[in-house]
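Enquirer: build me a model from this:
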Amino acid sequence: MSRLEVERSALPHANSVLSSEAPLFIVFNGASGTGDKQQIQAGIAAVLRDAGRQHEFFFVDRPDNISASVQKAIDHAEKFDGAIVVAGGDGTINAAAELVLPTRRPFGLLPQGTFNYTCRTHGIPLDSIEAAKALLRAHIKPIQVGRVNDRIFLVNASLGLYPKLLEDREAFKQQYGRKRSIAFVSGLVTMTQYRSRLELEIQHDGEREWVRTPTLFVGNNALQLEQVGLPEADDVRHRQLAAVIVKPVSAVAMLGLALRGAMGKLHDAENVRDFAFASMHVRRANRSNHRQLKVATDGEICWMKPELHFRVDPQALMLMAPMKPEAPK
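Expert: Model (predicted):
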């Protein structure tokens, strides 16, 4: 599609139905998930073509090309009053959302990753073809965005053990394949070998405390919190984030906590403390804040210099969510 002749109109507001005339600019990450990417892309294109929906693909074959492709999609969407759509996993979605958020343009998702928490939380089908069909009848749903310093997160952000789990999981997947079973085995190996501890000074909601922990986890996804059995899922739905702090424990005890989480019973674990917050500042307890901390946001790892400021972003992401079927009369 070299040219789109679409009249510009006002940006859609919350809970409005996206115009069927709005073109879709799709950033397709060929490195996310499994399956024949050309076949998947062709299937998505067929759905949109059969519906007469104008669209254009921006194919990404390397992670370092994601931002440039997303920016091209944004430029086209702003010029032709369209929507940006991302086909990829949670990390790809995060990278795209970072750029799309300030534009307030409609943001659609076609899941391609391993866990797809953002899609599952908002009722987006995990099958690419069904997700493409859902885009055709989407409405605009503002969703909460978490932020730590200058990086956003839709699912979670973390320090310590969790970033290490992600690094090892990626290494295992590259060697053995992108399957949930591989991620599970990788997690077991990491937890039995991890020995590091973080000494942190934490301030939240007017309180200050010092903690020693193998990991600090901040959640922004109600589904993920529900699955491990944490009551803060309801708080996340009401403009707050959820913090989880694990006490220093043995490798065996850590595996026990992982099992509790898998069974949805983490809420009554004696070695876990969890709480909801609106704003939280994190520093190294020994004041050596020149040393950076490894931080994971939606599966992507970076280094940040403390102090870290976790909070809900004042701006919501304008998600293209499936229309709910009408109740029978």
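
Enquirer: which residue sits closest to residue 54, ignoring its sequence neighbours?
Expert: Excluding its sequence neighbours, the residue lying closest to residue 54 (Cβ to Cβ, 6 or more residues apart in numbering) is residue 23, at 3.9 Å. Any C-beta I mention is one placed from the backbone N, CA and C, and that applies to glycine too.

Enquirer: need phi/psi at that neighbour.
Expert: Here is the backbone geometry of residue 23 (degrees, to the nearest 10): phi -70, psi 150.

Enquirer: now swap in residue 91 and tell me
Expert: According to degrees, to the nearest 10, residue 91 has phi -70, psi -40.

Enquirer: ok, it touching residue 299?
Expert: Yes - using Cβ atoms under 8 Å, residue 91 makes contact with residue 299 at a distance of 4.3 Å.

Enquirer: distance of the residue nearest to residue 54 from residue 226?
Expert: 36 Å (Cβ to Cβ, to the nearest Å).

Enquirer: show me how the record splits this structure into domains.
Expert: Annotated domains of the chain cover 24-136, 151-161+196-312 [automatic domain parsing].

Enquirer: generate CSV for those, with distance to residue 190 as supplementary columns.
Expert: Below are these laid out as CSV (distance: least, Cβ to Cβ, whole Å):
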stretch, distance to residue 190
domain 24-136, 16
domain 151-161+196-312, 8
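
Enquirer: which one, of the ones you listed, ends up nearest to residue 185?
Expert: domain 151-161+196-312 (12.2 Å; Cβ to Cβ).

Enquirer: how about residue 22, what does it touch?
Expert: 6, 81-83, 106 (Cβ atoms under 8 Å, 6 or more residues apart in numbering).

Enquirer: tell me which of the residues you listed is nearest to residue 274?
Expert: For those, the nearest to residue 274 is residue 106 (33.8 Å; Cβ to Cβ).

Enquirer: buried stuff in stretch 147-163?
Expert: In terms of neighbour count (16 or more other Cβ atoms under 10 Å), stretch 147-163 has its buried residues at 147-149, 151-163.

Enquirer: once you drop chain neighbours, what's closest to residue 58?
Expert: In space, residue 58 is closest to residue 69, 4.2 Å off (Cβ to Cβ, 6+ apart).

Enquirer: that neighbour in helix, strand or coil?
Expert: The local conformation at residue 69, judged by DSSP: H, G, I helix; E, B strand; the rest coil, is helix.

Enquirer: what about it, how many residues close to it?
Expert: The local packing of residue 69 (other Cβ atoms under 10 Å) involves 22 other residues.

Enquirer: these two touch, right, it and residue 27?
Expert: Yes - if you go by Cβ under 8 Å, residue 69 and residue 27 touch, sitting 5.0 Å apart.

Enquirer: joint contacts of these two?
Expert: 58, 60.

Enquirer: just checking, residue 244 touches residue 214?
Expert: No - using Cβ under 8 Å, residue 244 is not in contact with residue 214, being 11.5 Å away.

Enquirer: which strands and helices sit next to the helix-or-strand element of the chain with minimal mean pLDDT?
Expert: The weakest-scoring helix or strand in the chain, judged by mean pLDDT, DSSP states H and E, is helix 180-193 (a mean of 72). Packed against helix 180-193, as judged by 3 or more Cβ pairs under 8 Å, 6 or more residues apart in numbering; DSSP states H and E, are the following elements: helix 161-176, helix 251-262.
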